[in-house]
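> Prediction below, plus the sequence it came from.
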Amino acid sequence: MINEYEIYALKYAGPLKSCGARIMWNKDWDKVVSTNYYLWCIKGGNETIIVDTGVTLPFATKRKLPGYSSPTELLSRIDVKADEVRKIIITHLHLDHSNGVSLFPNATFYLQEAEYRFWVEDPIASRLPFNITLNESSNTYLKSLEGTDRLSLLQGDQKILPGIECLLAAGHTIANQAVAVNTNKGTAILGSDCGHFFRNYRENWPSIFITNLVEWMKSYDKLREKVSSMNLLFPGHDPIMTEDYPKIAEGVTRLV
Ligand SMILES: [Zn+2]
C-alpha cells in the first residue's frame, strides 16, 4: 500500500511584476505579468516533506521582496515546525529556491549531484550570467554538510519514500529536478521552474534562464508522460497556485 499525499503551495513572496518575456521566453515582450514565489509541503501518513526552502528574512529585506512571509511562519500555519523537518527536496540551486536552507537545521537535503557540483565547484557558475541566480551563503551551507547524512546527492531519478520520486528534469538548470507525488487523484508533479507558469507546459514553451534548451524540451516530454493529468503538473511561480485552489491558511493553498 503506497501512501497518498496532499500537496500545499506556500507563497513566500509576491506578487512581483515581470516582463512577459521572462515567463514565455522570447515572446510577450509587451506584456507585464505578476509572479509569486513558493515553497511546497507534501504531507501524508506520518511523513512531511518540504520542496525548496524559500528565502530568509535578511535576504528578503536586502532584495526588498514584496509580500514576503517567512517560510518558518508559513509552515507553522499548517502545523509544521521548521526545526522538526527531516526531508527537504531541493529542485535546483537558484537562490529563490534554496536561499533558506539554514532555516531547517535538522533536515536532510535531497538534490541532484550534477546540480550541486555545478553550483559549488564549476567556475562558470560564478560568472555572468549564471551568478545572477547563484547564492553563495546557501551553497556554502550545503557544502558544509557534504559527507554527512544531511546531504543526499542523487544521480538521476530516485524514490525518496514510497509514492515520492525525484525526477531529473534538466534544461532550466544543469540538473533541475521535479517531484512526482502519489495523490488521491493519481500522480501529481511539482515541476518547479521546468515551467514558471502552467502556460509553459500547455504551450510547450520554456521560460527564462535556459541552460540547455534541448534537455528542457525532453523534460517536458518526460513529465507529461509521467503525470496522471496535465492539471496535476504544477509550475514554479504561477499566481494561479494561490488564486484558484482551496485556501488553508494565509498564504497557503492545497493543490491536491
Ligand atoms: Zn524560481
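Perfect, thanks for sending it. Please read all numbers here as calculations on a predicted model, not as lab measurements.

> tell me the contacts of Glu165?
157-159, 179-180 (Cβ atoms under 8 Å, 6 or more residues apart in numbering). C-beta: built from backbone N, CA, C; applies to glycine.

> Tell me the confidence at Asn3?
You'll see Asn3 listed with a pLDDT of 87.

> which SS class is it?
coil (DSSP: H, G, I helix; E, B strand; the rest coil).

> and the chain, which residues reach the ion?
Within the chain, the positions lying close to the ion (Cβ under 5 Å from the ion) are 96, 193, 236.

> Looking at those residues, state which has the most neighbours.
Counting neighbours by other Cβ atoms under 10 Å, Gly236 leads those with 28 neighbours.

> Now do that one, the pLDDT please.
For Gly236, the model assigns a pLDDT of 98.

> Secondary structure element holding Gly14?
For Gly14, the host element (DSSP states H and E) is strand 6-19.

> Partner strands of that strand, with direction?
Neighbouring strands of strand 6-19 in its sheet, by DSSP bridges, are strand 32-44 (antiparallel), strand 252-254 (antiparallel).

> deepest of the ones you listed, which one?
Mean neighbours per residue, mean count of other Cβ atoms under 10 Å, is largest over the strands paired with strand 6-19 for strand 32-44, with a mean of 21.

> Just give the nearest non-adjacent residue to the spatially most central residue of the chain, would you?
With distances taken as Cα atoms, centre = their mean, Ser192 lies nearest the centre of the chain, 4.1 Å away. The shortest distance from Ser192 to any non-neighbouring residue, by Cβ to Cβ, 6 or more residues apart in numbering, is to Thr91 (3.5 Å).

> what's the spacing between that neighbour and Arg77?
22 Å (Cβ to Cβ, to the nearest Å).

> and what of Asn176?
28 Å.

> more crowded one of those two?
The neighbour comparison of Asn176 against Arg77 (other Cβ under 10 Å) goes to Asn176, with 30 against 15.

> tell me the pLDDT at that one?
97.
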